[in-house]
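In: Sequence plus predicted model, see below.
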Amino acid sequence: MDLKKLAQTLIPDTDLLPLEEYENLYPERDMQKGAEVTRLAPSPTGFIHLGNLYSALADERLAHTTGGIFYLRIEDTDEKRKVEGAVESVIRSLKYFGINFDEGAEIDSPLNKYGPYYQRQRASIYRAFVKDLIEKGLAYPCFCTAEELDVVREEQTANRQITGYWGSYAKCRNLSEEQIYQNIQQGKPFVIRLKSQGNPENKIIFKDAIKGDITVTENDQDVVILKSDGIPTYHFAHAIDDHFMRTTLVIRGEEWLSSLPIHIELFNVLGFKRPKYGHTCSLMKVDNGVKRKLSKRKDPELSLDYYRKAGYYPVAVVKYLMTILNSNFEEWSNKNPQTPYTEFKYSISKMGKSGALFDLDKLNDISKTELSKLSEEEMYNFLNAWVQEFGTEQDKEHFENKQYVCKILALIMGVGGKKRRKDIERAEQGVSLLTYFFDDTFAPEYNFRHDKQTVNTVLSEFAKVYDPTDDNSAWFAKVKAIAPSVGFASEMSEYKANPENFKGNVSDIAEILRIAVTGMANSPDLCTIMGIIGKERTLARLSNAIVK
RNA sequence: GGCCCUAUGGUCAAGCGGUGAAGACGGAACCCUCUCAAGGUUCAAUCCCGAGUUCGAUUCUCGGUAGGGUCACCA
């Protein structure tokens, strides 16, 4: 068979360069030893999720802790799955979490010498190499229709054989020259398949950077490398792109492990040096007692917007991810609470081999801890950014008074105390802690546990003596002083010694005042709260709470 | 079903032939305390099963078992 003629017929393109030209165009990167080139290669299908962030973080850390490059490539070979604006969204979302690319699609960088970074724009490169494989007899056209392939698959399944286009099932592999040209003349659509040279009897040991030694069976599937629309499949594009973009380390999900044999064969056939591979385990969740991979469809907590809306602190999300990505990160982080996570020496050998269950409790804990490290001003800025995007009109109005909000935050956060409080877990919940400091959102439910007369006495007695210039101990002394008038113990110790002698104790007095002023039985330091809302409002609230 | 991956408390995990089997989250108790937190001090809770190798296996080997992944002109 005249393979040159066949290749020319199948791939008549005029814009293809000699293969060596591509090597010259995309030379080896000049980098220091040990530097890794990694990439994030999403398909522009929709929006980026926690799994992407998880993987991106591993890539980014690996590149940036070794002095390498982290780039963005868009795998848009499947036209059907394209969504407008997805690329910008990916970049924006990752940026929100502090992850930035050095080069790639839509990245403005002088480093962009290995593009184009959209696969659709790289068609001629792929086609040049496909053409070469056809000339070498390592690839061939296949005219089978989807229906024909379905029939074969059903037969294989019925016979409990491996499904796919292999061995004697690869009908078009042995088409004669006349048959091929006849099909072409009839205008039948065709794909180009790899003429696999592999034998599944042969097992090889493959070294995965994360999983360690893996047994791999040689590929014998004549996989499609060029689809009927002339665009390559993922497998082929991966081999070409990661070679010519000079990726040194491919980090991807473990769902790719099963197609590794195909990629190994492709790299061999193309004569390319393989990059290193590291297959990460996926994030799991328990659903109805069953452990399963987090799914974009079913799990809203996988969407990054979910975390933005809930107001999680981005660094906290990243740190949580780091704790599952690198097993010794957490310990390091606890020892170096003030050091940014980027200082941590990320190591691929510390990446886990098994899938971690997503643990919201842990995320919440990390988020609280991170937030507790902020100054009240930084907290204001963080909450305010959330309020401007997701808050109510009332929230926005409240946040206009920065000084007032900061005073409240200092109280809630325990600024100046021995240890910070960790009340604010995320913006949405943090903002809700401010409601009773503003009259328009102050919605008290007066659930007093004491009788009307006691409550009224406490409220009116305190109103008489309240002085905003009192310090904390003077304030508390006044609270204590009210106790006897309602038959309560003013000293806790007295009460504990003889509880039967009293109707209640100081803490009950404080509770009544607290409910009147904040509308709730629990709050931070009451004396400070009164100071913040001011004498006038304090007295007004005390009198409004009098039981009629 | 074939092939591949994984297996230490409820969760994340350290461990890399001899340990009282770290630590963190979560849970419980107590202390502190004007409430709630925060903080402090304790406690409960783990090596999937069976063989083999070895003086000795959580650790190495082999078999089970369980969980996960994957079998497209999707990535």
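Out: Cool, got the structure.
In: what does the domain assignment say about chain A?
Out: For chain A, automatic domain parsing gives the domain ranges A:3-15+A:123-280, A:286-371, A:376-437, A:452-544.
In: And the last one, end to end?
Out: The distance separating the two terminal residues of domain A:452-544, taken as Cα to Cα, to the nearest Å, comes to 14 Å.
In: what's the answer for the longest one, then?
Out: With Cα to Cα as the measure, domain A:3-15+A:123-280 spans 41 Å from end to end.
In: Check A:Gly289 and give its pLDDT.
Out: Note on A:Gly289: pLDDT of 68.
In: got it, and A:Glu330?
Out: Per-residue pLDDT puts A:Glu330 at 94.
In: what sits against it?
Out: Shown in contact with A:Glu330 (Cβ atoms under 8 Å, 6 or more residues apart in numbering): A:Thr323. Bear in mind the C-beta positions are built from the backbone N, C-alpha and C, glycine included.
In: swap in A:Pro200?
Out: Contacts of A:Pro200 by Cβ under 8 Å, 6+ apart are A:Thr217, A:Glu218, A:Asn219, A:Asp220.
In: What sits closest to the residue in the stretch 351-500 of chain A that RNA strand B sits nearest to if chain neighbours are left out?
Out: Minimum separation of the stretch 351-500 of chain A from RNA strand B (Cβ to the nearest atom of the strand) falls at A:Ser354, amounting to 3.0 Å. Nearest residue to A:Ser354 in three dimensions, chain neighbours excluded: A:Cys281, at 5.6 Å (Cβ to Cβ, 6 or more residues apart in numbering).
In: And the one you found, how far from A:Asp208?
Out: 12 Å (Cβ to Cβ, to the nearest Å).
In: Next: A:Lys373.
Out: For A:Lys373 relative to A:Asp208 (Cβ to Cβ), the value is 37 Å.
In: quick one: which of these two has more around it?
Out: Neighbour count, other Cβ atoms under 10 Å: between A:Lys373 and A:Asp208, A:Asp208 has more, with 17 against 14.
In: Where do the strands of the stretch 151-300 of chain A begin and end?
Out: Remark: strands assigned in the stretch 151-300 of chain A by DSSP state E, counting those that start in this stretch are A:191-194, A:203-208, A:212-217, A:224-226, A:249-253, A:276-280, A:284-287, A:290-293.
In: Go through these and name the closest to A:Ser109.
Out: strand A:249-253 (19.9 Å; Cβ to Cβ).
In: is the closest one up against RNA strand B anywhere?
Out: No. For strand A:249-253, no contact with RNA strand B is found by Cβ under 7 Å from any atom of the strand; the gap never falls below 7.6 Å.
In: List the buried residues in that strand.
Out: A:Leu249, A:Val250, A:Ile251, A:Arg252, A:Gly253 (16 or more other Cβ atoms under 10 Å).
In: and if you look at stretch A:7-18?
Out: Using 16+ other Cβ under 10 Å as the test for burial, stretch A:7-18 gives A:Ala7, A:Leu10, A:Ile11, A:Leu16.
In: what's that stretch in contact with?
Out: Residues outside stretch A:7-18 that contact it (Cβ under 8 Å, 6+ apart) are A:25, A:124, A:127-128, A:130-132, A:134-135, A:141, A:181, A:184, A:190, A:192.
In: could you redo the last one with a cut-off of 7 Å?
Out: A:Ser124, A:Arg127, A:Ala128, A:Val130, A:Lys131, A:Ile134, A:Glu135, A:Pro141, A:Ile184, A:Ile192 (Cβ atoms under 7 Å, 6 or more residues apart in numbering).
In: Which one of those is nearest to RNA strand B?
Out: Using Cβ to the nearest atom of the strand, the contacts of stretch A:7-18 come closest to RNA strand B at A:Ile192, 9.5 Å.
In: who are the neighbours in contact with the closest residue to RNA strand B within the stretch 1-150 of chain A?
Out: Residue nearest to RNA strand B within the stretch 1-150 of chain A (Cβ to the nearest atom of the strand): A:Glu75, separated by 2.9 Å. Neighbouring residues of A:Glu75 by Cβ under 7 Å, 6+ apart: A:Ala41, A:Pro42, A:Ser43, A:Gln119, A:Tyr234, A:Ala237.
In: could you redo the last one with a cut-off of 8 Å?
Out: A:Ala41, A:Pro42, A:Ser43, A:Pro44, A:Gln119, A:Tyr234, A:Ala237.
In: what do you get for A:Gly167?
Out: Listed by Cβ under 8 Å, 6+ apart, the contact set of A:Gly167 reads A:Asp220.
In: Please repeat the previous calculation with a cut-off of 10 Å.
Out: A:Gln161, A:Arg173, A:Ser196, A:Pro200, A:Asp220, A:Gln221, A:Asp222 (Cβ atoms under 10 Å, 6 or more residues apart in numbering).
In: follow-up on the earlier one: I'd like to know which of the strands of the stretch 151-300 of chain A lies nearest to A:Asp508.
Out: Between A:Asp508 and the strands of the stretch 151-300 of chain A, the tightest spacing by Cβ to Cβ is seen for strand A:284-287, at 43.3 Å.
In: That closest one - contacts with which helices or strands?
Out: With contacts taken as 3 or more Cβ pairs under 10 Å, 6 or more residues apart in numbering; DSSP states H and E, strand A:284-287 sits against strand A:290-293.
In: With only the CA atoms kept, save the strand it packs on in PDB.
Out: Written as PDB, here are the backbone C-alpha positions of strand A:290-293 (Å, rounded to 0.1, in the frame of the first residue of the first chain):
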ATOM      1  CA  VAL A 290     -21.800   5.000  50.900                       C
ATOM      2  CA  LYS A 291     -18.400   6.500  50.200                       C
ATOM      3  CA  ARG A 292     -18.100   8.000  46.800                       C
ATOM      4  CA  LYS A 293     -16.300  10.600  44.700                       C
END
